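Novice: pasting a predicted model and its sequence here:
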Amino acid sequence: MVVISKIKRLSKTLVKKDPIRRQVLRVKGCFAGSKAENLLEQGDMILAINEEPITCFRDVEDACHALDQCDESDGNLNMTIFRQGREIELLVGTDVRDGNGTTRVINWCGCIVQNPHPAVRALGFLPAEGHGVYVARWCHGSPGNRYGLHSRQWIVEVNGNPTPDLDAFLDVTKEIESDDFVRVRTVHLNGKPCVLTLKQDLHYWPTWEVRFDPDTAMWRHKTIKAL
């Protein structure tokens, strides 16, 4: 009876807020690595944020905007959700994103590696070893193509050295000479680990970087290592 009374009370509040559409928002999934990842679950219905009823995306945007305008904000939203017949209060942290998308890519052994773009993170998986070296694409005929270093996987280790981000990855790979064999450990998008060996070819496949400069709104190319 208590559960039924809560459902009726919540239903009346939401219907009063949006009497025409009579809808609520439901969590489809969380970005991997976000602060909400371990708090919100698929299927949660968002009833209110900071005690204000939520019935559309604009309501969520308004709540986040109010959070930004508050000088004493701790970056958290007090969310009321409905999960498995129970009303739950959660304090969910927010993530600030600039909306620029991919701003840095590295070409190594004919593979394009970068921080995973939003579409990848929306799938809800990041390797525990670090997520900053995601293979987004490979070129036909490259060492990556010939030795099986393909897209949709993360490079988590090179020659026994962890590569949690792009800077660590460059520190390791720039010490490798042309025609050297390289041992690479990867984790696929489905979570499956793999170890492979490839031969670097700096003559035809040099290591280079392209980075976006927000001050000039231009992309800058830099050769890292080549013959």
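Specialist: Arrived safely, thanks for sending. Numbering: from 1, shown residues only.

Novice: residue 71: neighbour count?
Specialist: 4 (other CB atoms under 10 Å). For glycine as for every other residue, the C-beta is placed from the backbone atoms N, C-alpha and C.

Novice: can you check residue 115 too?
Specialist: That count, for residue 115 with other CB under 10 Å as the rule, works out to 18.

Novice: OK, contacts around it?
Specialist: When contacts are counted by CB atoms under 8 Å, 6 or more residues apart in numbering, residue 115 touches 102, 104, 131-132, 134, 165-166.

Novice: could you dump those to a markdown table with neighbour count, secondary structure and distance to residue 192?
Specialist: Supplementary listing: the contacts of residue 115 in a markdown table, determined by neighbours: other CB atoms under 10 Å; DSSP: H, G, I helix; E, B strand; the rest coil; distance: CB to CB, whole Å:
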| residue | neighbour count | secondary structure | distance to residue 192 |
| --- | --- | --- | --- |
| 102 | 14 | coil | 25 |
| 104 | 14 | strand | 27 |
| 131 | 20 | coil | 16 |
| 132 | 20 | coil | 20 |
| 134 | 22 | strand | 15 |
| 165 | 14 | coil | 22 |
| 166 | 19 | helix | 23 |
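
Novice: and those residues as JSON lines, adding distance to residue 80?
Specialist: Formatted as JSON lines, the contacts of residue 115 follow (distance: CB to CB, whole Å):
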{"residue": "102", "distance to residue 80": "35"}
{"residue": "104", "distance to residue 80": "39"}
{"residue": "131", "distance to residue 80": "31"}
{"residue": "132", "distance to residue 80": "35"}
{"residue": "134", "distance to residue 80": "35"}
{"residue": "165", "distance to residue 80": "36"}
{"residue": "166", "distance to residue 80": "39"}
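
Novice: adding distance to residue 44 and pLDDT, write those out as a markdown table.
Specialist: A markdown table is the format used below for the contacts of residue 115 (distance: CB to CB, whole Å; pLDDT from 0 to 100):
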| residue | distance to residue 44 | pLDDT |
| --- | --- | --- |
| 102 | 30 | 90 |
| 104 | 34 | 95 |
| 131 | 24 | 83 |
| 132 | 29 | 81 |
| 134 | 28 | 96 |
| 165 | 31 | 94 |
| 166 | 34 | 95 |
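
Novice: send me stretch 82-96 as PDB with only the CA atoms.
Specialist: These are the backbone C-alpha positions of stretch 82-96, laid out as PDB (Å, rounded to 0.1, in the frame of the first residue of the first chain):
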ATOM      1  CA  PHE A  82      12.100   5.600  -9.400                       C
ATOM      2  CA  ARG A  83      13.800   2.200  -9.500                       C
ATOM      3  CA  GLN A  84      12.100  -1.200  -9.100                       C
ATOM      4  CA  GLY A  85       9.100   0.200  -7.300                       C
ATOM      5  CA  ARG A  86      11.000   2.500  -4.900                       C
ATOM      6  CA  GLU A  87      11.700   6.200  -4.800                       C
ATOM      7  CA  ILE A  88      15.500   6.800  -4.300                       C
ATOM      8  CA  GLU A  89      17.400  10.000  -3.600                       C
ATOM      9  CA  LEU A  90      20.900  10.200  -5.300                       C
ATOM     10  CA  LEU A  91      23.600  12.800  -5.200                       C
ATOM     11  CA  VAL A  92      25.000  12.700  -8.800                       C
ATOM     12  CA  GLY A  93      28.100  14.500  -9.900                       C
ATOM     13  CA  THR A  94      28.200  16.400 -13.200                       C
ATOM     14  CA  ASP A  95      30.900  16.300 -15.900                       C
ATOM     15  CA  VAL A  96      31.900  19.400 -17.700                       C
END
